[in-house]
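Trainee: predicted model and sequence follow; I will ask about them next.
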Amino acid sequence: MHLLDWIVLSASLLFIVLYGVWKGRGSTNLTGYFLANRSLRWYTVLLSIMATQASAITFLSAPGQAYVDGMRFVQFYFGLPIGMVILSITAIPIYHKLKVHTAYEYLERRFDLKTRTLASLLFLAGRGLAAGLTIYAPAIIFSNLLGWDIHLTNILVGGLVIIYTAIGGTKAVNWTHFYQMVIIMFGMAAAFVMIIVSLPGDVTFIEATHLAGKLGRLNAIDFNFDWNSKYNVWSGILGGMFLQLSYFGTDQSQVQRYLTGSSVTESRMGLLMNGMVKIPMQFFILYIGAMVFVFYLFETPPIFFNSAEVKNVQESRLHQGQFRILESRYKQAIEQRKLRARQMVLAMRSEDPTNIAAARKHLDAAHRQAERIRQDAIGVLKKNNPDVNPQDTNYIFLSYVTKTLPIGLVGLIIAAIVAASMSSTAGELNALASTTIVDIYQRMIRKDGTDGHYVNVSKLATVAWGIYAIILAEYASRLGSLIEAVNVLGSLTYGPILGIFMVGFFLKKIGSNATFFGAFLAQLVVVYCFFYTDIAFLWYNPIGCLGVMFFAFILSIFFKFEPVKEV
């Protein structure tokens, strides 16, 4: 990167850390440290919700996901607006009425301590893993750009977040989220404009969009019902709704964001606006990836986007010759694809269906030929390094940014991606600490501590979870597309957690023991589906949720004399 890029990047990150420390100063009790004294307006709540959800994984991996697989991932969010409406009616009034610090406090009041503890531990297990992924995503950037060891970059990125999150608590997290989202959206908008400007002068924006569609990169809607299909309308609306209900209704990293609202109305507005804004935002990010794909129809893309692995094989005495031959063949195939892409544009201008069909057939064939050579090259990479990840999805957008965008803008976009990581990781560490202290430490280990003691222990818990996340980040490179990996991990526990809350909200005659053991059985069913079936991960959420409700109902017959609490 150029010196100007480093100045932009460093200034952005330094501002975020210092601003977070400054805004978060002065918290003397748990309500102030974890909930900002329940004083925030809806727009701050909204930006904090979005910033926690939209990590660097969203802005780094999602464009690459669209480049490789098209835009069908956007269907993942189709259940979000429905989920936001349901939670605004049910969960938010209950949480505000009870003045809880965490969502899991409600479960003890409705059931008992063991049910509260089970849900807390499921959250800590799932969200702790996800925190590692959000740290790893920007570490890719620094290790790729500077050649730094990935372990050191994980420590650098994680350490910056730990500093202001531990010192300032939720107040620091929420206020830094505001400026992080400004940087993020401005950076992504600038990247989109530059992609359009970088297209050949004789190819219009509309023609580029049609090209993306002809090659399957605008496949945003799929009405075919298939249990094994990861993304279609039905899995998005049904499976996605259950996932979003669990994430926003029972995952402390999100619940904590809207518990900071000054009233039920402010929390509701933040949550409902998130349901309206998130799908267009995700569509836009995926569309950027589709346009990067079109850009590389007229330019020569790397044969493999992870440049560090390419450099390793190029320096290998054993495999460099074979790899160079494949690189030469790949460039020839790409030249043929460029020619076919231009012919496709001319055919579309003719508006002759026969010409269009023939041109598309030739373009598809040229694209498949280039991909076959690329796969052969990846095979050589694996021979050179058996541990290499054959998926380079997470590097595609990064490679485009660093190799094609002008000086200054590179630093801004990388700052946006790193800011996204910091915002999401900060929210996660803050939530992990609050659950650890409020639901475990304060409830079961030390019940009579002072406010100052609990705040200090909360800061230590934040640091401890940050270190844990950094350690997990060391293994994240083995998980393929990060944006898929983080949602798969969440889906393993979200369904059963949501099921516990659904029983609490709606099945008023079912008590704690039936719910506890029902959740345990449902979790086993989800784990079985993950390891032994091909069911797409979005379906784990309704399976887990409905499983808890089903097993709890059956078990309630055997626990029929169990007392039931009213909340």
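Mentor: Yep, it's here.

Trainee: and the lengthiest helix in the chain, how far out from the chain's middle?
Mentor: For the chain, the helix that runs over the most residues, judged by DSSP state H, is helix 150-198. How far helix 150-198 lies from its chain's middle: 14 Å, per CA atoms, centre = their mean, to the nearest Å.

Trainee: show me what the very next helix or strand once past that helix is packed against.
Mentor: Later in the chain than helix 150-198, the nearest helix or strand by DSSP states H and E is helix 205-214. Applying 3 or more CB pairs under 8 Å, 6 or more residues apart in numbering; DSSP states H and E, we find helix 205-214 packed against helix 264-295, helix 320-350. Any C-beta I mention is one placed from the backbone N, CA and C, and that applies to glycine too.

Trainee: so which bits of helix 205-214 are buried?
Mentor: By 16 or more other CB atoms under 10 Å, the buried positions in helix 205-214 come out as E207, A208, T209, H210, L211, A212, G213, K214.

Trainee: residue ranges for the helices of the stretch 451-567 of the chain, please.
Mentor: 451-473, 482-506, 512-532, 540-558 (DSSP state H, counting those that start in this stretch).

Trainee: comparing those helices, which comes out most buried?
Mentor: Highest mean neighbour count among these (mean count of other CB atoms under 10 Å): helix 482-506, with a mean of 24.

Trainee: how many neighbouring residues does A347 have?
Mentor: Look at A347: counted by other CB atoms under 10 Å, it has 21 neighbours.

Trainee: my guess is it contacts K361. True?
Mentor: No: using CB atoms under 8 Å, A347 is not in contact with K361; the gap is 10.5 Å.

Trainee: quick one: low-confidence ranges for the stretch 351-500 of the chain?
Mentor: 476-487 (pLDDT under 70).

Trainee: 90 instead, please
Mentor: 351, 385-431, 443-444, 446-452, 454-456, 458-459, 468-495 (pLDDT under 90).

Trainee: now do the stretch 51-200 of the chain
Mentor: Residue ranges of the stretch 51-200 of the chain with pLDDT under 90: 51-65, 68-77, 79, 100-101, 118-119, 121-191, 194, 199-200.

Trainee: now do the buried residues in the strand or helix carrying Y258.
Mentor: Using DSSP H and E, Y258 falls within helix 252-259. Buried residues in helix 252-259, counted by 16+ other CB under 10 Å: Q252, S253, Q254, V255, Q256, R257, Y258, L259.

Trainee: how about K114, nearest residue that isn't a chain neighbour?
Mentor: F516 (5.8 Å; CB to CB, 6 or more residues apart in numbering).

Trainee: I'd guessed that neighbour sits against L113; true?
Mentor: No: contact criterion CB under 8 Å: F516 and L113 do not qualify, at 10.3 Å.

Trainee: now do stretch 29-48: everything it contacts.
Mentor: Under the contact criterion CB atoms under 8 Å, 6 or more residues apart in numbering, stretch 29-48 has outside partners 26-27, 101, 169-171, 173-175, 177-178, 181, 256-262, 265-271, 273-274, 277, 427, 430, 433-434, 437-438, 442, 451, 454-455, 458.

Trainee: for N389, give me phi and psi.
Mentor: Backbone torsions of N389, given as degrees, to the nearest 10, read phi -80, psi 120.

Trainee: right, I mislabeled it, should have said G261
Mentor: Residue torsions, per degrees, to the nearest 10, at G261 are phi -60, psi 140.

Trainee: distance to F15 added to the helices of the stretch 451-567 of the chain, as TSV?
Mentor: Below are those laid out as TSV (distance: least, CB to CB, whole Å):
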stretch	distance to F15
helix 451-473	20
helix 482-506	26
helix 512-532	41
helix 540-558	38
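
Trainee: quick one: average pLDDT of the helix or strand where V313 lies?
Mentor: If you go by DSSP H and E, V313 is part of helix 307-314. Helix 307-314 comes out with an average pLDDT of 88.

Trainee: what's the angle between that helix and helix 320-350?
Mentor: Here helix 307-314 points in a direction 130 degrees away from that of helix 320-350 (axes from the mean of the first three to the mean of the last three CA atoms, to 10 degrees).

Trainee: name the helices or strands packed onto helix 307-314?
Mentor: Under the contact criterion of 3+ CB pairs under 8 Å, 6+ apart, helix 307-314 touches helix 113-146, helix 320-350, helix 353-384.

Trainee: right, and these - which one's nearest F248?
Mentor: Counting by CB to CB, F248 lies closest to helix 113-146 out of these; the figure is 13.1 Å.

Trainee: relative orientation of the closest one and helix 512-532 in degrees?
Mentor: 30 degrees.

Trainee: helix 113-146 to helix 482-506, inter-axis angle?
Mentor: Orientation of helix 113-146 against helix 482-506 (the same axes, to 10 degrees) gives an angle of 160 degrees.

Trainee: any idea of the angle helix 113-146 forms with helix 150-198?
Mentor: 70 degrees.

Trainee: how near is D364 to I303?
Mentor: For D364, the distance to I303 equals 20 Å [CB to CB, to the nearest Å].

Trainee: these two: who's more crowded?
Mentor: I303 (23 against 16).

Trainee: phi, psi for the more buried one please.
Mentor: Note on I303: backbone dihedrals following degrees, to the nearest 10 are phi -70, psi -30.

Trainee: distance of it relative to K331?
Mentor: For I303, the distance to K331 - CB to CB - is 8 Å.

Trainee: please apply the same query to T450.
Mentor: Distance of T450 to K331, computed by CB to CB: 68 Å.

Trainee: okay, those two: which has more neighbours?
Mentor: Higher neighbour count among T450 and K331: K331, with 14 against 10, using other CB under 10 Å.

Trainee: give me the number of residues near the nearest residue to the more buried one once chain neighbours are set aside?
Mentor: Spatially, and ignoring its direct neighbours in sequence, K331 is nearest to T300 (6.2 Å; CB to CB, 6+ apart). Using other CB under 10 Å as the criterion, T300 is surrounded by 12 other residues.

Trainee: equivalent analysis for the one 5 residues further on, please.
Mentor: Applying other CB under 10 Å, we find 22 residues neighbouring F305.

Trainee: helix/strand/coil for it?
Mentor: Secondary structure, DSSP: H, G, I helix; E, B strand; the rest coil: F305 is coil.

Trainee: what about stretch 210-221, how long is it end to end?
Mentor: Its first and final residues considered, stretch 210-221 spans 16 Å by CA to CA, to the nearest Å.

Trainee: hmm, who's touching that stretch?
Mentor: Residues contacting stretch 210-221 (CB under 8 Å, 6+ apart): 66-67, 70-72, 74-75, 203, 209, 233, 283, 286, 289-291, 293-294, 297, 341, 344-345, 348, 360, 363-364, 367.

Trainee: and those, which are buried?
Mentor: 66-67, 70-72, 74-75, 203, 209, 233, 283, 286, 289-291, 293-294, 297, 341, 344-345, 348, 360, 363-364, 367.

Trainee: highest mean neighbour count out of the helices and strands packed on helix 307-314?
Mentor: Of the helices and strands packed on helix 307-314, the one with the most neighbours on average (mean count of other CB under 10 Å) is helix 113-146, at a mean of 22.
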